[in-house]
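Novice: Here is the input, now give the coordinates:
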Amino acid sequence: MSVFGSVTLKWEDAQKSGNIMWRVPRNIRLNDNIVVREDEIAVFYRDGKALAYIDRPDRYALTSINAPIVGAIVKFLSGVEQQAEIYYLQRRPFDGKFGSKQPYQFKDKEFGMVNLRLFGEMRFRVKDPENFINEFVGTRGFQSSDEVEDRIQEQVVLLIYDAIGHMKENGLGVTDLASNLMNIEQIVLEKSKPHFDQYGVLIDKISGLYISLPEEVQKAVDTRASMQVLGTDYVGYQTGQAMREAASSESGGGAAGAGVGVGAGIGMGYMMMDATKRRQEGAPAPGMTCPKCGKMVPGGMKFCGSCGARMEPGGDCPGCGKFVPEGSKFCPECGKPMQSMAKCEKCGKDVPAGSNFCPECGAKAGE
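Specialist: This next block holds a predicted model:
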C-alpha cells in the first residue's frame, strides 16, 4: 500500500482454482493499480451496473486519462463518490455437474405417473462479461462462484425438463428415454443458446445425461428391452427364463438338469441368432433428414436432435390428434379408422376406400 492508500489488486493463482468469478473484497479508488492477466477479465461495477471491463493483459494505474478504457473508469472515480467494485472473471470454460433436486413427474401412457431424476455434466463459460455482471451476478446479488454455478445448474435442469415435455407431446414414453438421451442433450444445447445469452453465459457441452426411473418401472423397461433383443414376446421370454432357472437350480441337477440346460442354451442361441438376423435385415439407414427442420438425424433415432420432431413415419389421427404409425388401419388411441372412407349410398355406412362392396349391406360400392 502506498502513502496515499492506493494498492495493487490482482487475482492470485492460488485463489482461482475452479472459481469462475472473484469479487475483490475492497472498493477500488483513484490511484489503485489493477493487474489483468491473459486468462482473466476485470469488470468494474458500481450502483448495480458494470462501468467498463478490461480484457487485455497488463497493469493498469487508475490515474491516466489517456488510455481509453482506464480513462472511463477514472472519470467515474473522480466524481463525488470515488468508489467502485471490481470482479475478476476467468476466460476458460468450466466443467460442472448437474442433477435434479426434485423428481420430475412424467405422465406415461403405459406406466402412469412416473417420477424421473436426472444427472449429467456440462461445460460452460462467460461469453459476455458485461451481461454476465449486469444481468446475472448483479441482478441476483451473487457473491461467489458457487452461487453462480448453482444457478446455471438449475437452469440447465429446467431446460432438460422442457425438452422432455416437448418430446412427450410428440409421443415420447419412459421406455424411449434411454435411447434418446443424446437427442435430449442436443435439444438442450440448442435451447441453451437463447436462454443464456441474456446472462452472458455460453453452454458449450451437455454430456453424460442419465435419467433414472423408479425400480419397478426400470425392471419393466429392462424386460421389454430383453424381449426386443431376443426377438420374442412376453410368453417366450418368460419360458426362456423359467428354463434357465430350472437348469441352474440345484434341484434340477444331474442328467435331467443338464439336458434342460443344454436345451435352454440351444433355444436361447437360436433366438439370439434369429434376432441378430432380423436386426441386420432391418438395419436403419445411416442417416435421414428431419421433416420439420431439415437437419440430418442419425439412423434409428425416433426424434430429431435439433427440434425434437418425431422421425417415425406416420401421421396424426383425425379423430383424437394422437400420433399413428404408418400402415395402421385404426388409431391405437381412439380406434378411428385411418383409411379414407366413403359412404354407402344404400345404407349410409362407412366403406373403406378401394372396397368393391359395402361391408354392412353388401351393396356394390359407388352405386
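
Novice: I'd like the distance between Lys193 and Lys302.
Specialist: Distance, Lys193 to Lys302, using C-beta to C-beta, to the nearest Å: 24 Å. All C-beta atoms are positioned from the backbone trio N, CA, C, and that covers glycine.

Novice: All the strands of the stretch 201-350 of the chain, residue numbers only.
Specialist: 201-212, 287-289, 296-298, 314-316, 323-325, 341-343, 350-352 (DSSP state E, counting those that start in this stretch).

Novice: which stretch among those comes nearest Arg224?
Specialist: strand 201-212 (16.2 Å; C-beta to C-beta).

Novice: just so I know, which of the strands of the stretch 201-350 of the chain lies nearest Gly335?
Specialist: Shortest distance between Gly335 and the strands of the stretch 201-350 of the chain, using C-beta to C-beta, is found for strand 323-325: 10.9 Å.

Novice: Please produce a markdown table containing the strands of the stretch 201-350 of the chain, extended by distance to Leu181 and mean pLDDT.
Specialist: As requested, the strands of the stretch 201-350 of the chain are exported to a markdown table (distance: least, C-beta to C-beta, whole Å; pLDDT from 0 to 100):
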| stretch | distance to Leu181 | mean pLDDT |
| --- | --- | --- |
| strand 201-212 | 5 | 94 |
| strand 287-289 | 19 | 78 |
| strand 296-298 | 13 | 77 |
| strand 314-316 | 23 | 77 |
| strand 323-325 | 21 | 77 |
| strand 341-343 | 41 | 74 |
| strand 350-352 | 41 | 72 |
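
Novice: Reformat those as a markdown table; add distance to Leu172 and mean neighbour count.
Specialist: Below are the strands of the stretch 201-350 of the chain laid out as a markdown table (distance: least, C-beta to C-beta, whole Å; neighbours: other C-beta atoms under 10 Å):
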| stretch | distance to Leu172 | mean neighbour count |
| --- | --- | --- |
| strand 201-212 | 11 | 17 |
| strand 287-289 | 18 | 13 |
| strand 296-298 | 15 | 16 |
| strand 314-316 | 14 | 12 |
| strand 323-325 | 10 | 18 |
| strand 341-343 | 31 | 13 |
| strand 350-352 | 31 | 17 |
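
Novice: looking at these, which is closest to Trp22?
Specialist: Taking C-beta to C-beta, strand 201-212 is the member of the strands of the stretch 201-350 of the chain nearest to Trp22, at 16.8 Å.

Novice: Give me the sheet partners of the closest one and which way each runs.
Specialist: If you go by DSSP bridges, strand 201-212 pairs up with strand 112-126 (antiparallel).

Novice: What residues of the partner strand count as buried?
Specialist: When burial is assessed from 16 or more other C-beta atoms under 10 Å, strand 112-126 yields the following buried residues: Val114, Leu116, Leu118, Gly120, Met122, Phe124, Arg125, Val126.

Novice: Closest to Asp222 out of those?
Specialist: The nearest member of those to Asp222, counting by C-beta to C-beta, is Val114 at 14.7 Å.

Novice: Next, the contact list for the closest one, please.
Specialist: By C-beta atoms under 8 Å, 6 or more residues apart in numbering, Val114 lies in contact with Gln105, Phe106, Lys107, Asp108, Val174, Leu213, Pro214, Val217.

Novice: can you check Met288 too?
Specialist: Met296, Val297, Gly299, Met311.

Novice: wait, the last one sits on Lys302?
Specialist: Yes. Counting by C-beta atoms under 8 Å, a contact exists between Met311 and Lys302, whose distance comes to 5.8 Å.

Novice: Of the two, give the one with the bigger neighbour count.
Specialist: Between Met311 and Lys302, counted using other C-beta atoms under 10 Å, Met311 has the larger neighbour count: 21 against 17.

Novice: Let me see the contact set for that one.
Specialist: Contacts for Met311 (C-beta under 8 Å, 6+ apart) come out as Met288, Cys290, Pro291, Val297, Met301, Lys302, Phe303, Cys304.

Novice: Phi first, then psi, for it.
Specialist: When read as degrees, to the nearest 10, the backbone of Met311 gives phi -100, psi -10.

Novice: One more: Ala14?
Specialist: Dihedral angles (degrees, to the nearest 10) for Ala14: phi -60, psi -20.

Novice: how close does Phe119 get to Asp176?
Specialist: 19 Å.

Novice: and stretch 98-110, which residues are buried?
Specialist: For stretch 98-110, burial by neighbour count (16+ other C-beta under 10 Å) applies to Phe98, Ser100, Tyr104, Phe106, Asp108.

Novice: Number of residues surrounding Ile28?
Specialist: 24.

Novice: if we can go back for a sec, of the contacts of Val114, which belong to helices?
Specialist: Judged by DSSP state H, helices contain the following of the contacts of Val114: Val217.

Novice: Any chance of the contacts of Val114 in CSV with distance to Cys320 as columns?
Specialist: Output for the contacts of Val114, formatted as CSV (distance: C-beta to C-beta, whole Å):
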residue, distance to Cys320
Gln105, 23
Phe106, 21
Lys107, 16
Asp108, 17
Val174, 21
Leu213, 27
Pro214, 28
Val217, 25
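
Novice: pLDDT and distance to Lys168 for the contacts of Val114 - can I get that in TSV?
Specialist: Output for the contacts of Val114, formatted as TSV (pLDDT from 0 to 100; distance: C-beta to C-beta, whole Å):
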residue	pLDDT	distance to Lys168
Gln105	89	11
Phe106	90	7
Lys107	88	8
Asp108	88	8
Val174	87	9
Leu213	86	14
Pro214	85	17
Val217	80	15
